[in-house]
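>>> below: sequence and its predicted model.
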Amino acid sequence: MLLSQLCFVILGFLSGSILFSYHLPLWLKRVDVVRTSADHNPGTANAFRLAGIPVGLLCLLMDMAKGFLPVWLAVRRFEPQFLLLPLVMAAPALGHALAPWYAFRGGKAIATAFGVLAGLLPFSHAVWALVFWYLFFSLVLIIRPNERRSIFAFLMFSLTCAAVSIRTGRHWLALGCALLAAVPIVKNHADLERAQAAMDKLRHTAQDA
């Protein structure tokens with residue numbers, strides 16, 4: 001049983017490691033979103049921006065599907081609170097973020113994380129918590145830039161799942177949500193630091209001039 005669960009962890013990681021938002025714009029529009037985007041991120045936002053809405057939608061669906069399918073299959077193969085559930089949840093996002101086939105230059109795993117959570121339906125409705133916090137920080141308490149908004153949304157999502165688990169007893173699920181959220185939090189924080197370093201360098205260059 002444990003070996004079967006581990007197979008889903010590996011399947012999720014390998015599925016997540018395929019960067020559809022890099023390949024599809026390149027194949028369909030001959031657009032390299034990594035090379036031409038400002039943040040060099042192989043994600044759906046750059047696919048929408050640089051390759052157009054139809055290609056962007058296709059990238060969004062594929063990036064969500066690669067998180068959805070391994071989790072959806074695993075939850076139906078085992079009991080919903082099976083032992084390796086947290087790793088199965090985190091694996092697709094981690095595969096997307098690490099991207100071992102692309103010199104370890106992966107994306108932020110946001111769309112993939114939504115796909116993972118959608119794969120838990122109807123056993124868990126945690127996906128709606130993430131939707132809520134993204135909308136809250138986009139429309140009510142507006143946080144910019146997008147990287148900082150994502151950090152706050154995933155952090156509050158993780159805390160919400162932890163709080164709900166106290167009432168429901170689904171602590172294994174809450175751990176999975178925390179591990180899943182950690183991937184885009186770390187990736188977005190790294191991008192923020194790189195952007196800040198670039199701005200500081202430009203500022204110092206301007207001052208020296």
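Received it, and whenever you're ready, just let me know what you need.

>>> going by C-alpha atoms from here, please, whenever you check contacts or count neighbours.
Will do.

>>> so where's the longest helix in this structure?
The longest helix of the chain (DSSP state H) is helix 171-208.

>>> elements contacting it?
helix 85-98, helix 110-118, helix 146-168 (3 or more Cα pairs under 8 Å, 6 or more residues apart in numbering; DSSP states H and E).

>>> how about those in JSON lines, adding mean neighbour count and mean pLDDT?
Output for the helices and strands packed on helix 171-208, formatted as JSON lines (neighbours: other Cα atoms under 10 Å; pLDDT from 0 to 100):
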{"stretch": "helix 85-98", "mean neighbour count": "28", "mean pLDDT": "97"}
{"stretch": "helix 110-118", "mean neighbour count": "27", "mean pLDDT": "97"}
{"stretch": "helix 146-168", "mean neighbour count": "18", "mean pLDDT": "96"}
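
>>> ok, which of these comes nearest Q196?
helix 146-168 (11.8 Å; Cα to Cα).

>>> that closest one vs helix 110-118, what angle?
10 degrees (axes from the mean of the first three to the mean of the last three Cα atoms, to 10 degrees).

>>> got the angle for the helix or strand bottoming out on mean pLDDT in the chain vs helix 110-118?
Of all helical and strand segments in the chain, the minimum by mean pLDDT, DSSP states H and E falls on helix 171-208, at a mean of 84. Put simply, helix 171-208 runs at 170 degrees to helix 110-118, going by the same axes, to 10 degrees.

>>> what residues sit buried inside helix 171-208?
171-185, 187-189, 191-192 (16 or more other Cα atoms under 10 Å).

>>> likewise stretch 35-55?
37, 40-48, 50-51, 55.

>>> ok, back up a step: run the chain-centre distance for the longest helix of the chain.
In terms of Cα atoms, centre = their mean, to the nearest Å, the gap separating the centre of helix 171-208 from the centre of its chain is 13 Å.

>>> same check, this time on stretch 160-171
22 Å.

>>> likewise for stretch 25-41?
Chain-centre distance of stretch 25-41: 19 Å, with Cα atoms, centre = their mean.

>>> ends of that stretch, how far apart?
Using Cα to Cα, to the nearest Å, the end-to-end distance of stretch 25-41 comes to 13 Å.

>>> what does that stretch contact?
21-22, 42, 46-47, 50-51, 55, 106-108, 191 (Cα atoms under 8 Å, 6 or more residues apart in numbering).

>>> quick one: contacts for the closest residue to D191 other than its chain neighbours?
Of all residues not flanking D191 in the chain, E147 sits nearest, at 7.2 Å (Cα to Cα, 6 or more residues apart in numbering). With Cα under 8 Å, 6+ apart as the criterion, the residues that contact E147 are 188-189, 191-192.

>>> out of those, which comes closest to I10?
N188 (24.2 Å).

>>> how far away is the residue nearest to that closest one when sequence neighbours are not counted from L180?
Leaving aside its sequence neighbours, N188 sits nearest to E147 (Cα to Cα, 6+ apart; 5.1 Å). E147 is 16 Å from L180, where distance means Cα to Cα.

>>> ditto for I143
From I143 to L180 the distance is 21 Å (Cα to Cα).

>>> now do L6
From L6 to L180 the distance is 17 Å (Cα to Cα).

>>> what does S17 give?
15 Å.

>>> do the same with C59
In terms of Cα to Cα, C59 sits 20 Å off from L180.
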